[in-house]
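Colleague: What shape does this take:
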Amino acid sequence: MPTIEHTHHRINELRAQGADTEVLEMVIQRMIDHDIPMPYLYYVDTGNSSIMVEWTIGNWEVSIDVDNEIAQYYAFKYHTDIDHELMLDMNDSATYTTLKERLENYAMEASLAGR
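Modeller: Reported below is the predicted structural model:
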């Protein structure tokens, strides 16, 4: 997982690429406040300048499309038809509690599977 320093450096790179990072910076700070592992950050120029935050945990791939305060969460498990999709209010503290619980569950599953 990326470090907090790496994440802040990456935010600066995304800003230099033309991404609007205001919401992302708020999201990252709330992740830090809730002790959520730092994600990888990607800029996707779709005309709306979306920023994706992603984690790979065991067989799970988790992504959140952060282009405003309402974000789309999508997680899928490799080699299965299991996936989860949610709309998240990135201003709501409960969102980060839910996110942390989901990531911890994926990590526990990976640990039990030996991955």
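Colleague: So for stretch 38-51, what gets flagged as buried?
Modeller: Neighbour-count burial for stretch 38-51, counted by 16 or more other CB atoms under 10 Å, picks out 38-39, 41, 43, 50-51. Every C-beta, even on glycine, is put in place using the N, C-alpha and C of the backbone.
Colleague: what are the ranges of the strands in the chain?
Modeller: Assigned by DSSP state E, the strands in the chain fall at 40-44, 50-57, 60-66, 70-77, 83-89.
Colleague: how about those strands in JSON lines, adding distance to residue 22 and mean pLDDT?
Modeller: Formatted as JSON lines, these follow (distance: least, CB to CB, whole Å; pLDDT from 0 to 100):
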{"stretch": "strand 40-44", "distance to residue 22": "14", "mean pLDDT": "90"}
{"stretch": "strand 50-57", "distance to residue 22": "11", "mean pLDDT": "92"}
{"stretch": "strand 60-66", "distance to residue 22": "11", "mean pLDDT": "93"}
{"stretch": "strand 70-77", "distance to residue 22": "14", "mean pLDDT": "94"}
{"stretch": "strand 83-89", "distance to residue 22": "16", "mean pLDDT": "94"}
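Colleague: what would the ones you listed look like in TSV with distance to residue 102?
Modeller: Output for these, formatted as TSV (distance: least, CB to CB, whole Å):
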stretch	distance to residue 102
strand 40-44	17
strand 50-57	9
strand 60-66	8
strand 70-77	7
strand 83-89	8
